[in-house]
Structure formats: structure tokens, C-alpha cells
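Asker: Sequence and predicted structure below; questions after.
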Amino acid sequence: VGVEAKGAVTGLPVPRYVSLKTDEGNARRGPSLGHRIDWVFRHRDMPLRVTAEFGHWRRVEDEEGQGGWIHYGLLSGVRTVVVDENLTEIHAQPLGDSPVEAKAEAGVIARLGECLPDWCSINAGGTRGWVRKSQIWGVDPDELRD
């Protein structure tokens, strides 16, 4: 059994997922305003994976592994996911043969709800339902949520 790593500043698990709470966030080469901006995140609510902590800074990456150090004030603990596969089916229940409520385009950002071993409930633009965990990014494969 692996020991879960904890952030040096917060004591929260690392890696973990957060979301961007602003329309824009600069990701820097190092944990200070003196470091060069390597990347700019431009999607409010996009999920990010925290991989390290230093003072008021968190090293984060997006689905493609892009990122850097971002000030913690730009991050939220609200959990979101991004849809990976185009026309991902949003089901009424966490069952493959349950009715399809809608289909989501790749890149859609959704609020994350409950997660079972293979399914997560999401809310995307007012549409609620269940998607296969393998079709979204922003949740660990073995993560369970109430």
C-alpha cells in the first residue's frame, strides 16, 4: 500500500485536483512573481492538478501537462472535470444501458459530483447526469466521491 504524499504547506494530498477560479491565470517558471510566465490558463473553472506547494504558490498542470507555478488565490477547491471524448454520452444513471440525457463535446468543463468506481456524476451547462470516468479528466481512476 502506497503512502499518500502530503503538500508541504497545506498538508493536503499531492497530487490533487483544483479548479481555476478566474478567467485568466499566469503559470510561472518558479514560485514567485519574479519568475517568467511560461503559460496562461484562460478558462474559468478548468480543472488543474496540483503537483507541488511552496508558500502561497502551487505547481499545477492541465490535461496536456502544461502549467507551472500559480498563486493559490487564483485556485478553488471546487472540483471540475473536462470531457475528453467528443460526443460523450451523459446518462440518466451510472449504467451503460440507461437513457442518454445529452452528449457533450470534447473540451466541455463540468462540475464534478459523486464518483463511483467507473462513473462520475457531472453538471455541464445545466445538464446533469453520469459519464464514464474514462471519458473525463480531473478525477483519479480510483477516486470515489459522495
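Answerer: Structure's in. What do you need? Because the structure is a prediction, the values reported are computed rather than measured.

Asker: start to end distance for stretch 29-41?
Answerer: Using C-alpha to C-alpha, to the nearest Å, the span of stretch 29-41 from its first residue to its last is 14 Å.

Asker: what's that stretch in contact with?
Answerer: 20, 24-28, 48, 54-55, 57, 59, 62, 66-70 (C-beta atoms under 8 Å, 6 or more residues apart in numbering). All C-beta atoms are positioned from the backbone trio N, CA, C, and that covers glycine.

Asker: Counting neighbours, which of these end up buried?
Answerer: 20, 25-28, 48, 57, 59, 62, 67-70 (16 or more other C-beta atoms under 10 Å).

Asker: So which of those is the closest to residue 87?
Answerer: residue 62 (21.9 Å; C-beta to C-beta).

Asker: which stretch of helix or strand covers the nearest residue to that closest one once chain neighbours are set aside?
Answerer: Once flanking residues are discounted, residue 62 sits nearest to residue 48: 6.0 Å by C-beta to C-beta, 6 or more residues apart in numbering. Assigned by DSSP states H and E, residue 48 belongs to strand 47-54.

Asker: Please name the bridge partners of the spatially most central residue of the chain.
Answerer: Most central in the chain under C-alpha atoms, centre = their mean is residue 47, positioned 2.7 Å from the mean C-alpha point. Taking DSSP bridges as the rule, residue 47 bridges to residue 19.

Asker: From residue 30, how far out is it?
Answerer: With distances taken as C-beta to C-beta, to the nearest Å, residue 47 is found 23 Å from residue 30.

Asker: same check, this time on residue 57
Answerer: 8 Å.

Asker: anything in contact with each of the two?
Answerer: In terms of C-beta under 8 Å, 6+ apart, residue 57 and residue 30 are both contacted by the residues residue 69.

Asker: Just after the strand holding residue 48, pick out the following helix or strand.
Answerer: Counting by DSSP H and E, the element after strand 47-54 in chain order, helix or strand, is strand 57-61.

Asker: what residues does that following strand touch?
Answerer: With C-beta under 8 Å, 6+ apart as the criterion, strand 57-61 contacts 18, 27-28, 31-32, 48-53, 67-72, 75.

Asker: mind redoing it with 6 Å?
Answerer: By C-beta atoms under 6 Å, 6 or more residues apart in numbering, the surrounding residues in contact with strand 57-61 are 31, 48-52, 67, 69-70, 72.
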